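J.: just coords:
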């Protein structure tokens, strides 16, 4: 299968980077959201590339690259209005803080696939051979519109707690469902979100709400996340506020309308709200 984005500047740059790697004897893959979005016939927003080239080799081949992950070979290639993330294949060590591994080492492509969050984000497209490599049945899950963790779901969420929010966000954005074991893990580990900074939570929630506010709130309730994010409001309270909103305002500016409604209630009750997505 040949991925092509006609007259799309980011993709042209991806091919240029792949050509440099090929000329020097290295592999070149796009991975994650780019491959997923192509298979879903969506324009990709992220361009992540991986290769078997070492850190030193990448530094020599791309001297203008910005290092964000030494000594593990993670670089940003900046262009006008977009950037490409380029990294060596990696293997994650144990996690200690619910966000990032304590150590990272050079690995194989299978190691790199194993460190991904969900199967639909663990797809690799070989830019030299135009082949898709799928180590975790991600294409089947795309076909079945399913969000499924790579490996053991409880382990994935314990490693990086924000993956709980990412699973729900992908459900909203892609209109997918969540695989049963992944669903059970989210319900068990939703409380871990209390350990995440409001900035990281807010970024995920803004994406969810901009995609589909009502569905986002429904999922947050269904997966026991809402009480973690809203300390003083029940789902019934928020649902009632939504019903009271002016329809046109809700459709055009749903987040602003909800914020206004909740803030009015806050003033009445003289309580401190913690809806992280509003901060």
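T.: Cool, got the structure. The structure displayed is predicted, hence computed values, not measured ones.
J.: which stretches of the protein have low pLDDT?
T.: 1-7, 69-72, 231-279 (pLDDT under 70).
J.: and residue 53, helix, strand or coil?
T.: Following DSSP: H, G, I helix; E, B strand; the rest coil, the label given to residue 53 is coil.
J.: Strands along the stretch 1-150 of the chain, start to end?
T.: 29-31, 48-51, 66-67, 74-79, 82-88, 90-92, 104-106, 123-126, 131-134, 146-147 (DSSP state E, counting those that start in this stretch).
J.: what's the most buried one of those?
T.: Sort the strands of the stretch 1-150 of the chain by mean neighbour count, taking mean count of other CB atoms under 10 Å, and strand 29-31 sits at the top with a mean of 26. C-betas here are computed from N, CA, C, even on glycine.
J.: Show residues contacting that strand.
T.: By CB atoms under 8 Å, 6 or more residues apart in numbering, the surrounding residues in contact with strand 29-31 are 3, 14, 47-51, 109, 112, 116, 121-127, 133.
J.: quick one on the thing from earlier: what would the strands of the stretch 1-150 of the chain look like in a markdown table with distance to residue 195?
T.: Formatted as a markdown table, those follow (distance: least, CB to CB, whole Å):
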| stretch | distance to residue 195 |
| --- | --- |
| strand 29-31 | 28 |
| strand 48-51 | 26 |
| strand 66-67 | 28 |
| strand 74-79 | 24 |
| strand 82-88 | 26 |
| strand 90-92 | 19 |
| strand 104-106 | 21 |
| strand 123-126 | 30 |
| strand 131-134 | 33 |
| strand 146-147 | 22 |
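J.: So what's the residue count around the residue nearest to residue 113 when sequence neighbours are not counted?
T.: Spatial nearest neighbour of residue 113, chain neighbours left out: residue 135 (4.3 Å); criterion: CB to CB, 6 or more residues apart in numbering. Residues within reach of residue 135, counting by other CB atoms under 10 Å, total 16.
J.: Need the distance between the two termini of stretch 24-37.
T.: Distance across stretch 24-37, first residue to last, is 29 Å (CA to CA, to the nearest Å).
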